[in-house]
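Engineer: Okay, here's the prediction I keep looking at, along with the sequence it came from:
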Amino acid sequence: MTIQFNDETFRDDYSYHNSPAAIRRFPFPFDKDDYMYAVNMEPHGSGRAGSPFENRFDVDEHYVAEMRDREITLKEDPLRCQSLPHMELAGWDLLELIMEAKSEDYPELFSLHRDGDRWHWINRPLGIDHKFTFLDPTTLPYGPMEYITRQAQGDFAVLDQRDGNLWMEAGMVTSQADWSLDFDIGMNFFEWHAPVPLAHEMGIFQRALKFLLAIQQDAPSRRLNWTMTVNPRLDTSPENYHKWGPEKRTLTPENTGEKQYLRVELQTFFRLPRSNGLAFPIRCYLISLQDLVTVPKWGRRLHRVIRDLPDELAEYKGFTVNRPLIVEYLSRFDDGKPTSPGIFPDE
């Protein structure tokens with residue numbers, strides 16, 4: 001597999017872009033023409049070839065640029081990465097999981113050689129060649145979770161499981177959809193989901209927690225989540241709302257297709273072997289509306305979803321102010337024809 005990595009930015013001049021191949025493989029989150037909260041979990045094994053679901057951790061054309069953006073965010077705000085003291089073993093679990101997966105799924109990009117506890121990790125895209133001792137943090141430049149998540153796309157929450165609940169007690173979070181690790185760290189599953197409307201009354205989170213507590217080793221699961229973002233900014237954190245919040249007011253009828261993005265999270269869940277924690281990677285994908293509508297099925301369907309979405313969900317997802325512009329733009333690409341089931345483009 002050969003990946004041509006983009007030279008692009010997720011801030012300032014916003015030079016982020018998707019190639020035609022990246023558009024076709026985008027994880028479109030709607031399998032029908034309307035949307036309501038659901039647990040919507042499915043096994044995360046080997047998915048469709050060429051899709052973001054094919055491998056355990058998707059590596060695509062945005063990899064190098066995303067890691068560069070993460071480094072910028074961490075320099076500005078080191079608290080985007082935190083781990084409570086008892087979570088170090090889970091950090092080593094996560095390091096092992098990511099190194100194994102990437103070296104097995106992308107052997108031309110990553111290599112892992114092990115001789116007992118002496119490990120040799122090579123990350124060719126980032127120019128890293130490092131020998132270290134597994135479970136010895138003095139042989140790494142950062143803690144194990146921070147070390148490996150500086151080399152992995154998406155955010156990572158590491159959850160401790162106890163007392164019939166999940167507790168967010170470690171994480172690397174630099175591309176989140178308006179939530180704060182610094183605020184949520186130490187909270188349990190229901191506490192950090194407290195702001196979500198409608199889902200509590202529907203029993204969604206009770207069912208989701210029951211499912212997550214039962215996840216077994218070597219049987220990961222996944223789901224898709226979504227929101228909308230003006231401009232392709234990864235860091236839409238509460239801490240930086242003063243930077244990205246005003247951008248919502250820059251949308252016009254003329255620039256909606258270019259500046260309005262669908263933001264999709266591929267959320268996966270892995271049971272960790274030593275700590276019995278749960279790794280919760282949250283991979284962010286961005287696509288402009290003008291790129292999305294090049295897939296006719298998606299243009300039709302997104303128009304119907306946004307047009308008919310309950311007001312409470314539009315408000316929670318933060319695009320109420322621009323909803324009329326989004327619906328008007330997408331209506332040009334909805335000819336009223338039926339759409340096929342599922343999330344993938346029609347052949």
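Structural biologist: Structure received. These numbers come from a predicted model, not from an experiment.

Engineer: In this structure, what residue spans correspond to helices?
Structural biologist: Secondary structure of the chain, counting by DSSP state H: helices at 20-24, 63-76, 88-105, 144-149, 181-184, 189-192, 204-213, 241-244, 256-259, 289-292, 296-308, 311-317, 323-331.

Engineer: Show me which parts of the third one are buried, residue by residue.
Structural biologist: With burial defined by 16 or more other Cβ atoms under 10 Å, the residues of helix 88-105 counted as buried are 88-99, 101-103, 105. Yep, even glycine has a C-beta here, placed from its N, CA and C like the rest.

Engineer: Same question for the fifth one.
Structural biologist: If you call a residue buried by 16+ other Cβ under 10 Å, then helix 181-184 has these buried ones: Leu181, Asp184.

Engineer: what's next to it, contact-wise?
Structural biologist: Contacts to helix 181-184, defined as Cβ atoms under 8 Å, 6 or more residues apart in numbering, come from residues Leu79, Arg80, Cys81, Gln82, Ala157, Met168, Gly171, Val173, Glu191, Trp192, Pro238, Glu239.

Engineer: Now with 6 Å, please.
Structural biologist: Leu79, Met168, Gly171, Val173, Trp192 (Cβ atoms under 6 Å, 6 or more residues apart in numbering).

Engineer: Kindly reformat the residues you listed as a markdown table containing neighbour count, pLDDT and distance to Phe10.
Structural biologist: Output for the contacts of helix 181-184, formatted as a markdown table (neighbours: other Cβ atoms under 10 Å; pLDDT from 0 to 100; distance: Cβ to Cβ, whole Å):
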| residue | neighbour count | pLDDT | distance to Phe10 |
| --- | --- | --- | --- |
| Leu79 | 12 | 97 | 20 |
| Met168 | 22 | 97 | 24 |
| Gly171 | 25 | 98 | 19 |
| Val173 | 26 | 97 | 15 |
| Trp192 | 21 | 85 | 25 |
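
Engineer: Between the residues you listed, which sits nearest Phe270?
Structural biologist: Among these, Gly171 lies closest to Phe270 (Cβ to Cβ), at 14.4 Å.

Engineer: What's opposite the closest one in the beta bridge?
Structural biologist: Gln82, Ala157 (DSSP bridges).

Engineer: so it makes contact with Asp160?
Structural biologist: No - using Cβ atoms under 6 Å, Gly171 makes no contact with Asp160, being 11.6 Å away.

Engineer: quick revisit: of the helices of the chain, which approaches Pro338 most closely?
Structural biologist: That would be, of those and by Cβ to Cβ, helix 296-308, which comes in at 8.7 Å.

Engineer: before we move on, the earlier item: and the furthest pair within the contacts of helix 181-184?
Structural biologist: Farthest apart among the contacts of helix 181-184 by Cβ to Cβ are Leu79 and Trp192. That separation is 16.2 Å.

Engineer: so what's the nearest residue to Asp178 once chain neighbours are set aside up against?
Structural biologist: Spatial nearest neighbour of Asp178, excluding adjacent residues (Cβ to Cβ, 6 or more residues apart in numbering): Thr236 at 5.6 Å. Contact analysis of Thr236 by Cβ under 6 Å, 6+ apart lists Ala177, Asp178, Thr229, Trp244.

Engineer: can you tell me which of those are in strands?
Structural biologist: If you go by DSSP state E, those have Thr229 in strands.

Engineer: Nearest to Tyr37, out of the contacts of Thr236: which one, please.
Structural biologist: Among the contacts of Thr236, Ala177 lies closest to Tyr37 (Cβ to Cβ), at 15.1 Å.

Engineer: Dig out what the residue nearest the centre of the chain forms beta bridges with.
Structural biologist: Against the mean C-alpha coordinate of the chain, by Cα atoms, centre = their mean, the closest residue is Arg283 at 1.9 Å. Arg283 has these beta-bridge partners by DSSP bridges: Leu266.

Engineer: wait, it sits on Ala152?
Structural biologist: No - Arg283 lies out of contact with Ala152 (Cβ under 6 Å); the separation is 8.9 Å.

Engineer: which residues are in contact with both of these two?
Structural biologist: Counting by Cβ under 6 Å, 6+ apart, nothing touches both Arg283 and Ala152.

Engineer: Render the CA-only coordinates of stretch 16-29 in CSV, please.
Structural biologist: What follows is stretch 16-29, C-alpha atoms only, in CSV (Å, rounded to 0.1, in the frame of the first residue of the first chain):
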residue,chain,number,x,y,z
TYR,A,16,-6.8,20.8,4.3
HIS,A,17,-8.3,18.9,1.3
ASN,A,18,-9.6,15.4,0.4
SER,A,19,-8.4,13.7,-2.8
PRO,A,20,-11.1,12.0,-4.9
ALA,A,21,-10.2,8.7,-3.4
ALA,A,22,-10.5,10.1,0.2
ILE,A,23,-14.0,11.4,-0.7
ARG,A,24,-15.2,8.0,-1.9
ARG,A,25,-13.9,6.3,1.2
PHE,A,26,-15.3,8.9,3.6
PRO,A,27,-17.2,7.2,6.5
PHE,A,28,-20.7,8.7,5.7
PRO,A,29,-22.7,8.2,8.9
